[in-house]
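Trainee: Based on what follows, work out the 3D shape:
(chains A and B)
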Amino acid sequence: MNTIKNIKWLIPLIFATIITSCSEDFLDRAPTSALNEQQVFNDIQLTRQYQLRLYQTLRGGFQSFVNGDFTDSWGYDLISNMDDHCMGSKNDNGTFEMISGGWMTRGENSNWGNAFEVARRWRFSYQSIRAINIFLENYKNTPLTTDADRLEMKTMVGEAYFLRAHHYFELVKRWGGVPLVYKVMQASDDQRLPRQNISVCIDSIVSDCNKGASLMDTVVSSSQWLGRATKGAAMGLKARTLLWGASQYWSTRGSGIPWSDAAKAALDVINLNVYHLMPNYRDVFLKTFNSEVIYCQNTAPKNMWDLYMWTPNFLGGLTYGNFQPTQEFVDCYEIKNNTTGQYVNFDRNNPDHVANMYNKNRRDPRFNQSMIYNGANWQGITCEYFTGGNLGYQTVGSLASYFYTGYCFTKYWDENVLVGTVNGVARKGNPILNWIFLRYADILLMYAEAQNQAGGPNSSADGSGKTALWAINQVRQRAGISDLPSSISQADFDVKLRNERSVELCIEDQRFFDVRRWGIGEVLARDLHKVMCTKNLDGTFVYDLSQTVGPLRKHYDNPDQYILYPINIEEVQRNPNLTQNPGWQDIIRN
Amino acid sequence: MKITSHYHKKQHFMMMKTKNIKSRYTILLTLGFIVLFIAPLSAFGQTYYSKASTDTTVTIGYNIKTNTSAISMIKGSDIETHATDNLSNALGGLLTGLSAQQMGGVPGSDGSSLWLRGYRTLSGGYSQPLILIDNAPGDYSFLDPNEIESIKVLKDAASTAIYGQRGANGVILVTTKRGKAGKMSIKLNAQTGFQELVGLPTFLNSYEYGKLFNEAKFNEGSTTPFYDDATLDKYRDQTGNNIYTNPSVDYIGQFLKPTAPIQRYSLSISGGSNFAKYNIVLGIMDQQGFYKYAVNDPKYSTNASSTRYNIRTNLDVQINKRLNILFNLSGQMTRNKSPYVGNSTIWSTIMHELPNSYPIYTPTGNLGGTSTKFNNPVGLMSRSGYQEVNNRNMQAMLEANQQLDFITPGLTATLSAAYNGFNTYGYQKKQEFAVYSVDEFLKETKYGLDKPLSDGTDLSNDMNYSTSLWASVNYDRTFGDHSIQAKVMSYLDKKAIPRYSPYVNLNNGVTVNYGFLNRYFLGGTLSYSGNDNYAPGNRFGLFYSVSGAWDVHKESFFEKSAVLTALKLRSSYGLVGNNGQVTTQRYLYQTQYTTGEGYPFGTTYSSSNGTLESQAGNPFFTWEKSKQFNIGIDGGLFKKIYFSFDYYTDNRFDMLASPMNKLSDIFGSTLSYTNIGKVNSKGFEVVLGVNEKVGDFRLNLELNATFSDNKVIENGEVNGLFSNQQAISKQSFGEWGLKSLGFFYDAADVTNSPVQKFGTYAPGDVKYADLNGDNVIDANDRTLLGGTGIPNLFTSANLKLSFKGFDLGVQFVGLFNRQVYIPSEFSNAIPNGGKLAVGAYQRWANYTDQNGDLIDTRGTAIYPRLLTAVSTNNTQNSTQNIKAADFIRLKNIEIGYSLPKVWMKAIRLENIRLFCNGYNLALLYDEAKVGDPEYPGAPIWSYGKTRILSFGASVSF
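Mentor: Residues are numbered from 1 along each chain as shown, chains lettered A, B, ... in the order given. Okay, the predicted model is just below:
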């Protein structure tokens, strides 16, 4: 019984042991399958993977938003659908919703509607910025052992700055001044940041571009990395940002950017001597990573583009004709005056012009290189845009709801690449569609625009022969049309320049924003026209350009609505410090 | 005593046929009510026997003593012979503060959901009380009632603060029976009875169905009847070949037995010496299903059934005069069976298959069916194979109590360790059968093949276990007028589910109960409680309570009072936590990264590898907190009436809710939950009881009411909602839907009413209220329709009478201010592939039938017009299908007779008690009048709810 007596101290002893061992460690049961921040950024391979995945945040016009993220939809939802040069024929996409006023009633959780381009674009941009900020806050922790690693890291950091600048520019061009986040926000931080004014935003973007340009090389280290950003991309984005800042809308709202800065930045890109115009305009869009591309979004091969883009009733009725050129746009192509040999503005009231509308020898060659029209030849088929023709107007059946303008874009479409057969019809197109964010011709036009504003058509930013006129004529010469005369006035030059941008950069998601920065957004709401072709008994055609084309667009109540997007209603409710953009304050949630 | 197994005849003799049941019950109830209301008025004897605990110190978890807490308790003997197989079904109505809802009757899983003091968290939050058996985690619902000494419900912070992060929803403490020193006592309880299904729809036969189907077609614009008169006549005339060519099958009558047996036997042996005491319980419970055609072969059975074996040994050993050891070992083995296709398929077939689909048997005795219908219930029940799930629960507990009076008198220490293991293994064996269609010439065509039973395949195979450990140093001493009970304790438990991270809790606590003059009491608890789900550094929280009580009647100025014979005031306030999570997402504090697909660089168009942030961590992620206040009064009148009243408030904050409507996109990521929710609850509980004794006559009547209500203060919802859409300032739980205004009366009514955006509609379809006033009826007109299932007011009346050897116990429960979802199967399920029930006669109709008679039920209709196509307009969640369902139920009756002591002496037995009891006997009030109001969907979706009638005997040696 002695042992039993001695155990009287046992329980207090055990108790004391438990109390002292009751430390936090006992509760450390967290799973180990997920990586934490230290693990990722202490490992060069994981850090590299993290940085490379930041490129996933690049989303161009070939992708649109579905259910909170971007998915490929093959041009289904191009921003160009919202400008006056292009009409979407289907009404079940976000851009159509937006221009027809749908964003006033659609909540962000609707499957389509403005959610795509308004709410989700905003959200996605900030998600992208967060991902980039995580890298920029943590890359210094990554051990670098070799010179090659150090060089690579320098480039990767430069790319991250560039990508951040890209996302802020995407935000600013849509919404104007936005909240700026330059650190990784924690759950405990107040997210209800106010908007910064436009000059702070532009300065921030330019600053990131400068950092990026200083760290990146002009070319990628090997062809396997084609698609990564370069010095030229950062400098080009800077030029674009400054052009925006110098433009009418922003300069009158305190951007403080002079045209000369914008011109200088564009000329710096030209003077890199890295980029060259492709000899053939069409090749720019068919050959990936060509000498004109400054930066683009790499995408996997696609073979559905034609379905959405091609004029209705092709391929046995499978195509949607999702976006089609308007007559307003077709009018932008200059036509050769047979007498002078000079290319002049197209005039609907000039019977000679109308009669030769589709004359390859008269019209700006880019017309034929960008679209098809009645009588055009495409993949061995003569296109017949008239009642009874093979692509004729249809008023009954499932396609009756699709409208026709009488044209169809072929800009991104390689006539010769066979991608499949549908209903026995060979489908040809370009299976590889990298979305070009910025190309050299755009830089030349930016320079021409800015330098003309800064010093006139015959001035240059660096005193060299690279004048505004020189720049625009580079683009015109490549297109195959006559130079602008050196005697052109500053004002006339600007008119020509704006037309040149429309023609050269059609369906590259530029015009919609150009007209807004120029302060002429109301053109987006004008009546748009189609061409009605009638075939005479003798085989000739009559072209009627007087008919407008539906569906009707929203004619905004307030001219301010032509300039900036609204901020999604829910976001304004979540963040009461966000000031709604002019013209949109009265939107109510429904 | 042997109970005959041929109870079928007897039960019919004893228990009358279903038809008569109602009238007999009514008589019984009337008697009950007379007793109920007359008894309190009459003055019987003088002896006062108290059930209120005004004088007593209550021992709660970890042997903590309290005089100041809000607690309800019952003894195991109160539920010893309760007819139900599942303990959780016995608790609702017995324990004040606890409300219960039984969801169905599947043998082996027919338990009730329990809420303590109502539902107090946000919708979707974790609302279950913490349940402990002998202070260790475990599932009490499958214990044999004979194992139980007491069940206590801890309701306020004074009693739950010691549980820290897990106390806020209240605690249910189950204490098992221990042996007493003395001669061996043996008690045998044998009980057998039967179950009856309640709340089943009454379906129309083929003729009735056909006629109304024609109406539905007519409503859809058809001009000729779908079933012509000749066909309908054949449906009506179920003779000759018509039963094959035009069958009319009564699925409920044909496939479900009117009753199914249930039986329970238990044997308790207890006794011991001063050195060692023991209590041993063995229990067997067997509950059978209702399937008429089930195989009941010695080799296997396909009926739904649950068989349970309980075993428990509780030992107390006094090692020496200072050291006492408690050792428990217990286990529950359960085997649940069903046909291979599962109970829900069987029930779904019975509830949906059309009466005219096919004859059950063909003229040659084959199973009927069609080329697409292989669901002949005879086949499903007897030829589809079977499944069997075996559950094994095992608990072990070792507790040592050491007196440390050699340090200072009153000092003791306790150490306790427990293990609870659960294993489940299920398997199934499939069989296939052929069906035969019959054409008008009685020619049969075979579909499918008859195949033998396949080899078994795994159905479930899982295990989990928890270990727990607690230790305490206790001080319990009285100094003159002062008494003090204090405890310092530490507690940890770990629940391990293989392949997941374990759940770990760690608690340290101090609790003190101080008394002065045995009249004034003060209590205090502090606990420092941690859980592994939170960020290091934020895992522990401090919880507390302070409480006080005053035994007023012990004051001298009260001693003389003949009216107020007892009075005690209690109050408590404290902070308690709730770390239960409904989401399985854990460690939300962590920022996590993952690897995945990257970007396609170069011209190969294949993606590189990428790393990305997969979860933004929230370092402040924490548990829900609850500030609980309780004030109570207990008292007695005339030494025969006792009462108790408690009022409480429970203000919760840091509740988990999605922040996404508050979190700006600028954050750049998502957070699935943050602690932004706030809900305020309040309520009261009343107990009013009376005890009487006149000679050999004893009476105890107790009325209970638990009222609870809450209001959402913040739930993270988006700003700018219409007031009907706002959840804030409404009750936190319940179903949302539209308010029905009845049915469109005619075309003008359709034209003149706001447009409804739920699909097409016409006169006779449901018309909804425009709650937001925008002249359009859409999802924005939804509002909170009420707490589905969960009542705001839960009441019960418990009556106990005894006279000489006779005893009677009657329990009523009433659930008020509640709504339930009423499935369309009670009226018109045709559009959902179902049939018509009697409810269909209450549909809206306005047409001229085949005979030229005008049928116009527009004035009385309670269901929309019949349709054969799904009407999305009519099937919206609305007050049309979510209806108020208050009810009062005679939940339990027990009548017993103990044989006279003199007889016992002669046969040398201690006691023999014969009893019969009934569970879920009848509804006294039923607001919805569709199915069983507790959960009308039970038979439609899983398995019908049951009424249980049993009789038996308890024999003590």
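Trainee: Read off the pLDDT value for residue B:2.
Mentor: We have a pLDDT of 38 for residue B:2.
Trainee: Equivalent analysis for residue B:25, please.
Mentor: pLDDT at residue B:25 comes out at 47.
Trainee: next one: residue B:297
Mentor: Taking residue B:297 on its own, its pLDDT is 81.
Trainee: ok, how many other residues are close to it?
Mentor: 9 (other Cβ atoms under 10 Å in any protein chain shown). Where you see a C-beta, it was placed from the backbone N, CA and C, and this is true even at glycine.
Trainee: where's it relative to chain A, distance?
Mentor: 48 Å (Cβ to the nearest Cβ, to the nearest Å).
Trainee: What strand or helix carries residue B:423?
Mentor: Residue B:423 is part of strand B:411-430, with elements assigned from DSSP states H and E.
Trainee: Tell me which other helices or strands that strand touches.
Mentor: helix A:10-21, strand B:136-137, strand B:385-403, strand B:457-479 (3 or more Cβ pairs under 8 Å, 6 or more residues apart in numbering or on different chains; DSSP states H and E).
Trainee: ok, it: who's next to it in the sheet?
Mentor: Using DSSP bridges, the strands paired with strand B:411-430 are strand B:385-403 (antiparallel), strand B:457-479 (antiparallel).
Trainee: now the helices and strands packed on strand B:411-430 in a markdown table, with distance to residue A:352 and mean pLDDT?
Mentor: Output for these, formatted as a markdown table (distance: least, Cβ to Cβ, whole Å; pLDDT from 0 to 100):
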| stretch | distance to residue A:352 | mean pLDDT |
| --- | --- | --- |
| helix A:10-21 | 98 | 61 |
| strand B:136-137 | 93 | 91 |
| strand B:385-403 | 87 | 94 |
| strand B:457-479 | 83 | 92 |
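Trainee: I'd like these laid out as TSV, including mean neighbour count.
Mentor: Formatted as TSV, the helices and strands packed on strand B:411-430 follow (neighbours: other Cβ atoms under 10 Å in any protein chain shown):
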stretch	mean neighbour count
helix A:10-21	15
strand B:136-137	20
strand B:385-403	20
strand B:457-479	16
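Trainee: okay, the strands paired with strand B:411-430 in a markdown table with distance to residue B:751 next?
Mentor: A markdown table is the format used below for the strands paired with strand B:411-430 (distance: least, Cβ to Cβ, whole Å):
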| stretch | distance to residue B:751 |
| --- | --- |
| strand B:385-403 | 55 |
| strand B:457-479 | 56 |
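Trainee: Would you tell me what the next helix or strand after the strand holding residue B:423 is?
Mentor: Counting by DSSP H and E, what follows strand B:411-430 is strand B:435-438.
Trainee: Kindly reformat the helices and strands packed on strand B:411-430 as CSV containing distance to residue B:640.
Mentor: Below are the helices and strands packed on strand B:411-430 laid out as CSV (distance: least, Cβ to Cβ, whole Å):
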stretch, distance to residue B:640
helix A:10-21, 46
strand B:136-137, 40
strand B:385-403, 39
strand B:457-479, 31
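Trainee: What score does residue A:272 have for pLDDT?
Mentor: 96.
Trainee: ok, and the closest residue to it other than its chain neighbours, which helix or strand is that part of?
Mentor: Of all residues beyond its chain neighbours, the one nearest residue A:272 is residue A:232 (5.5 Å), with distances taken as Cβ to Cβ, 6 or more residues apart in numbering or on different chains. Taking DSSP H and E as the definition, residue A:232 sits inside helix A:231-246.
Trainee: Ok, residue B:630 next?
Mentor: strand B:624-637.
Trainee: Is there proximity between whichever helix or strand comes after that strand and chain A?
Mentor: Per DSSP H and E, the first helix or strand lying C-terminal to strand B:624-637 is strand B:641-657. No. Using Cβ under 8 Å from any Cβ of the partner chain, strand B:641-657 stays clear of chain A, with a minimum separation of 13.4 Å.
Trainee: next one: strand B:641-657 to chain centre, how far?
Mentor: Here the centre of strand B:641-657 is set off from its chain's centre by 21 Å, with Cα atoms, centre = their mean, to the nearest Å.
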